[in-house]
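Chemist: Pasting the sequence and the predicted coordinates here, then a few questions.
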Amino acid sequence: MNLLYSIAIRLYSGFVALASLLGNEKAKLWWNGRKNQWKNLISVNKNDEWIWIHVSSLGEFEQGLPVIERLKSDFPEYKLLLTFFSPSGYEPRKNFQLADKVAYMPSDTLHNAKKLIKNFNIKAAFFVKYDFWFNYMKVLKKNNIPLYYISALLHPNHYFFKFYSSWFRKQLRNVSHFFVQNDETAKLLKNIGIENTTVTGDTRFDRVYEIAKQSKSFPEIEKFINGRHCIIAGSSWPSDEKFIIPFLNKMPDNYCLIIAPHDISDSHIKQITSQLNNYVLYNQQSKVNGQQPTVLVINTIGILKQIYKYARFAYVGGGFMSSIHNTQEALVFGCPVVIGPKYHQFVEAVDLVGDGGMFSVNNQQEFDDIFERLINDDEFYNKASGICQDYIQLSIGATNKIMKVLESKL
């Protein structure tokens with residue numbers, strides 16, 4: 001099975017190389033970024049001691065960031081190696097200053113794993129959420145380097161729990177400790193004989209809580225809102241916008257809408273604005289004269305997580321695609337959140353849909369009904385907002401729980 005797994009890894013790299021040659025931009029970044037990777041992955045001083053943090057992409061980086069910051073402050077004697085699997089994580093964070101070295105993770109072969117361990121005097125490794133790379137896990141274990149999983153989250157339908165997965169389950173024994181998001185994950189691991197777990201919750205709540213405390217003001221957005229109530233549709237896709245835009249006909253005059261699409265390409269922005277009558281683009285507000293726009297379209301990146309503070313309630317996109325985007329960034333401001341139907345892999349979404357702070361919709365009628373109720377029923381709105389605020393307060397603190405365990409281990 002080890003051989004088949006390693007062959008599969010090499011085949012994957014080959015497919016990425018082929019996709020790169022055929023013009024796929026993400027594959028090109030992935031492949032080109034790894035061409036000369038070992039020039040970057042060389043420890044300058046063999047006497048340096050390293051902590052290795054690996055994340056898949058940008059979302060997992062944000063999830064791991066509170067722990068990275070604490071590792072850097074609590075254990076300054078160690079240098080930090082940060083690796084990414086995906087270009088969408090590496091590209092925006094390749095100059096991350098808290099890390100002493102940032103790189104792509106070399107493909108998960110035994111050769112690469114042994115070479116990485118040889119080049120760095122690694123004292124501990126941290127993988128975030130559920131990025132399982134079995135050759136690296138095996139080599140870390142063989143070299144007595146502890147491996148910790150941060151904010152691990154597993155579900156009953158995960159491949160580890162299938163009838164054919166005994167080899168995969170065995171690989172989990174190479175992990176020193178799992179810091180898991182919920183009791184279900186701890187129970188699933190216990191059922192297959194793995195009890196080295198601590199239920200800490202999700203470290204991303206600590207991250208968004210810090211962002212909320214430090215959020216700056218946006219005078220241009222405040223000027224657009226101009227005393228009105230604001231709805232924010234964040235990380236939207238066309239499958240979300242087909243419900244959002246028709247609702248504008250029912251939106252009261254004392255409300256406005258901010259759309260922050262996931263895709264801010266010119267073609268998608270034009271697709272949105274072609275359906276709007278009274279709108280302004282974020283980077284063109286100075287050109288507005290006369291009538292107050294009803295819709296503000298965010299055609300830049302990097303501000304959504306901070307502007308949720310202006311929302312009375314929010315719609316978070318992706319739920320009509322593969323899965324919803326980050327709802328925590330809105331929840332931290334006490335915003336009730338409306339989402340599509342594909343949310344079940346996120347603990348906070350499952351919890352809050354059940355509690356009444358988040359609302360899942362399947363069609364235009366359900367979308368309109370919940371929007372109208374959040375607008376018109378103050379008692380209903382205040383209850384939902386309070387549920388979100390209480391949930392956030394109960395969810396922060398995962399990083400402290402993790403660091404308390406690590407104090408005796410590092």
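Modeler: On my side now, so go ahead. Only a predicted model underlies this, so the values are computations on that prediction, with no experimental measurement involved.
Chemist: Quick one: residues contacting the closest residue to residue 133 other than its chain neighbours.
Modeler: Leaving out its chain neighbours, the residue that sits closest to residue 133 by C-beta to C-beta, 6 or more residues apart in numbering is residue 108, at 4.1 Å. C-beta: built from backbone N, CA, C; applies to glycine. By C-beta atoms under 8 Å, 6 or more residues apart in numbering, residue 108 lies in contact with 9, 133, 134, 135, 136.
Chemist: Tell me which helix or strand the last one sits in.
Modeler: Under the criterion of DSSP states H and E, residue 136 resides in helix 134-142.
Chemist: Then the residue nearest to residue 133 would be within a helix, right?
Modeler: No. Using DSSP: H, G, I helix; E, B strand; the rest coil, the secondary structure at residue 108 is coil, not a helix.
Chemist: Check the gap between it and residue 54 for me.
Modeler: As judged by C-beta to C-beta, to the nearest Å, residue 108 and residue 54 stand 11 Å apart.
Chemist: Overlap in contacts, those two.
Modeler: 133, 136.
Chemist: Make sure residue 233 is indeed in a strand.
Modeler: Yes. Counting by three-state DSSP, residue 233 is part of a strand.
Chemist: Relative to residue 135, how far out is it?
Modeler: Distance of residue 233 to residue 135, computed by C-beta to C-beta: 42 Å.
Chemist: higher neighbour count, those two?
Modeler: Legend: neighbour count by other C-beta atoms under 10 Å for residue 233 and residue 135, higher for residue 233 (24 against 20).
Chemist: In terms of pLDDT, where does that one sit?
Modeler: The model reports residue 233 with a pLDDT of 98.
Chemist: quick one, what contacts it?
Modeler: Residue 233 touches 240, 241, 244, 257, 258, 259, 260, 314, 315, 317, counting by C-beta under 8 Å, 6+ apart.
Chemist: Of these - the most surrounded one?
Modeler: Counting neighbours by other C-beta under 10 Å, residue 315 comes out on top of the contacts of residue 233 with 30 neighbours.
Chemist: Does that residue belong to a helix, a strand or coil?
Modeler: When classified by three-state DSSP, residue 315 comes out as strand.
Chemist: List the contacts of it.
Modeler: For residue 315, the contacting residues are 231, 232, 233, 234, 236, 240, 244, 337, 338, 339, by C-beta under 8 Å, 6+ apart.
Chemist: give me the number of residues near the residue lying closest to residue 153 once chain neighbours are set aside?
Modeler: Using C-beta to C-beta, 6+ apart and skipping the chain neighbours, the partner closest in space to residue 153 is residue 181 (4.6 Å). Residues lying near residue 181 (other C-beta under 10 Å) number 26.
Chemist: do residue 284 as well
Modeler: For residue 284, using other C-beta under 10 Å, the count is 11.
Chemist: Could you confirm it falls within a strand?
Modeler: No. Residue 284 is assigned helix when assessed by three-state DSSP, not a strand.
Chemist: Does residue 173 touch residue 195 like I think?
Modeler: No. Between residue 173 and residue 195 there is no contact under C-beta atoms under 8 Å: 11.1 Å.
Chemist: Which one of these two is surrounded by more residues?
Modeler: The neighbour comparison of residue 173 against residue 195 (other C-beta under 10 Å) goes to residue 173, with 12 against 8.
Chemist: Can you check the pLDDT for that one?
Modeler: pLDDT, residue 173: 97.
Chemist: residue contacts, it?
Modeler: residue 194.
Chemist: Next, format the contacts of residue 315 as JSON lines and append distance to residue 166.
Modeler: Formatted as JSON lines, these follow (distance: C-beta to C-beta, whole Å):
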{"residue": "231", "distance to residue 166": "50"}
{"residue": "232", "distance to residue 166": "47"}
{"residue": "233", "distance to residue 166": "45"}
{"residue": "234", "distance to residue 166": "42"}
{"residue": "236", "distance to residue 166": "42"}
{"residue": "240", "distance to residue 166": "41"}
{"residue": "244", "distance to residue 166": "47"}
{"residue": "337", "distance to residue 166": "40"}
{"residue": "338", "distance to residue 166": "42"}
{"residue": "339", "distance to residue 166": "36"}
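Chemist: Roughly how far does the residue nearest to residue 180 when sequence neighbours are not counted sit from residue 60?
Modeler: The shortest distance from residue 180 to any non-neighbouring residue, by C-beta to C-beta, 6+ apart, is to residue 152 (4.6 Å). Taking C-beta to C-beta as the measure, residue 152 falls 11 Å from residue 60.
Chemist: Quickly list what's touching both of those two.
Modeler: residue 129.
Chemist: what helix or strand is the most centrally placed residue in the chain on?
Modeler: What sits nearest the mean C-alpha location of the chain, by C-alpha atoms, centre = their mean, is residue 59, with 2.6 Å. If you go by DSSP H and E, residue 59 is part of helix 58-74.
Chemist: cool, and residue 148?
Modeler: In this assignment (DSSP H and E), residue 148 forms part of strand 147-152.
Chemist: what's the spacing between that strand and its chain's center?
Modeler: 15 Å (C-alpha atoms, centre = their mean, to the nearest Å).
Chemist: List the buried residues of the helix or strand following that strand.
Modeler: Next helix or strand after strand 147-152 toward the C-terminus (DSSP H and E): helix 166-171. Under the neighbour-count criterion of 16 or more other C-beta atoms under 10 Å, helix 166-171 has 168, 169, 171 buried.
Chemist: again, but for stretch 340-360
Modeler: 340, 342-343, 346-353, 357-360.
Chemist: so of those residues, which ones are in helices?
Modeler: Among those, DSSP state H puts 347, 348, 349, 350, 351, 352, 353 in helices.
Chemist: could you redo the residues you listed as JSON lines and give each row pLDDT?
Modeler: Shown next, in JSON lines, are those (pLDDT from 0 to 100):
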{"residue": "347", "pLDDT": "93"}
{"residue": "348", "pLDDT": "96"}
{"residue": "349", "pLDDT": "97"}
{"residue": "350", "pLDDT": "96"}
{"residue": "351", "pLDDT": "96"}
{"residue": "352", "pLDDT": "98"}
{"residue": "353", "pLDDT": "98"}
